[in-house]
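Chemist: Generate coordinates for the sequence data below:
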Amino acid sequence: MIVSTTARPSGHPGYTETLPCTAQSAATARRLVRTALAVWGIEHGADAATLIVSELVANAVDHTDCRVIRVTVTRPAPGLVRVAVVDKCRTLPVLRTAGADDERGRGLAVVEEVAWRWGVDRLRWGKRVWGELRCDTKGEGAAMSTMMESPAVSPTTVPRVVELEITGACQLQCAHCFAESGPTGTRGVMTADDWRRVISDAAALGARGAAHRR
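Modeler: Reported below is the predicted structural model:
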């Protein structure tokens, strides 16, 4: 698995991966989420976070005609983890109440139950659907605030290569790009020390190399 990490204003890198818009991508998305939370030392939230990303991927698969989606795991603030799925369909998701005999239609209801909060960001070419979990960042016993108990976490998939998006600067506005790095995008405020910490964390997880792009 190759994981991309992007500069974010909070000083924590965001982990992203572009995947086919198929049901099989949910497993890869869960691995990405577990990897990010392991790097941040908050593995106890992995079960809730992977449940959220599974439902968001399923929602994109069931309700859009997109060929690809982009999964992101970010830290918008020190006490928050945000899991999101970006697609190029501008139709907004609708929270439905499924009946007792319905086999479908529970995805966003599950996200609403598990997440601290969830929402949708309209984008010029699509949308971003996200769920957030609050986390305790004090001490080494960091834990996630959720409405479900988290059983033992399965072993984390070790990324082979970590790709560092150093500046996020780009003067192009490609319709196929999920990177949000065009002329109006943010470049974050990551320092050299922040990037060294990212590389050290990846090495501690067992990554064998790092690549970068500008």
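
Chemist: List the residues that contact the closest residue to residue 95 other than its chain neighbours.
Modeler: The shortest distance from residue 95 to any non-neighbouring residue, by Cβ to Cβ, 6 or more residues apart in numbering, is to residue 108 (4.7 Å). Yep, even glycine has a C-beta here, placed from its N, CA and C like the rest. Residue 108 makes contacts with 55, 59, 93, 94, 95, 96, 118, as judged by Cβ atoms under 8 Å, 6 or more residues apart in numbering.

Chemist: cutoff 10 Å now
Modeler: 55, 56, 59, 93, 94, 95, 96, 115, 118, 120, 129, 131 (Cβ atoms under 10 Å, 6 or more residues apart in numbering).

Chemist: Can you report how many residues lie near residue 193?
Modeler: 9 (other Cβ atoms under 10 Å).

Chemist: let's number from 12 now, not from 1
Modeler: Yep, numbering from 12; the last one is residue 204 now.

Chemist: Sticking with it, tell me its helix or strand.
Modeler: helix 203-216 (DSSP states H and E).

Chemist: Which elements pack onto that helix?
Modeler: strand 13-17, helix 36-50, strand 172-176, strand 220-224 (3 or more Cβ pairs under 10 Å, 6 or more residues apart in numbering; DSSP states H and E).

Chemist: And those, which one averages the lowest pLDDT?
Modeler: Lowest mean pLDDT within those: strand 13-17, at a mean of 45.

Chemist: That strand: what's the following helix or strand?
Modeler: strand 25-31.

Chemist: Put the alpha carbons of that next one into CSV.
Modeler: Extracted C-alpha coordinates of strand 25-31, given in CSV (Å, rounded to 0.1, in the frame of the first residue of the first chain):
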residue,chain,number,x,y,z
GLY,A,25,-3.3,14.3,6.1
TYR,A,26,-3.3,10.7,4.7
THR,A,27,-5.1,10.2,1.4
GLU,A,28,-5.6,7.6,-1.3
THR,A,29,-7.4,7.7,-4.6
LEU,A,30,-9.4,4.4,-5.2
PRO,A,31,-11.8,2.9,-7.7
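
Chemist: Summarise which helices and strands the biggest strand by length in the chain is packed against.
Modeler: Using DSSP state E to define each element, the chain has its longest strand at strand 137-146. Judged by 3+ Cβ pairs under 10 Å, 6+ apart, strand 137-146 is in contact with helix 57-74, strand 79-85, strand 91-98, helix 118-125, strand 128-134, strand 155-156.
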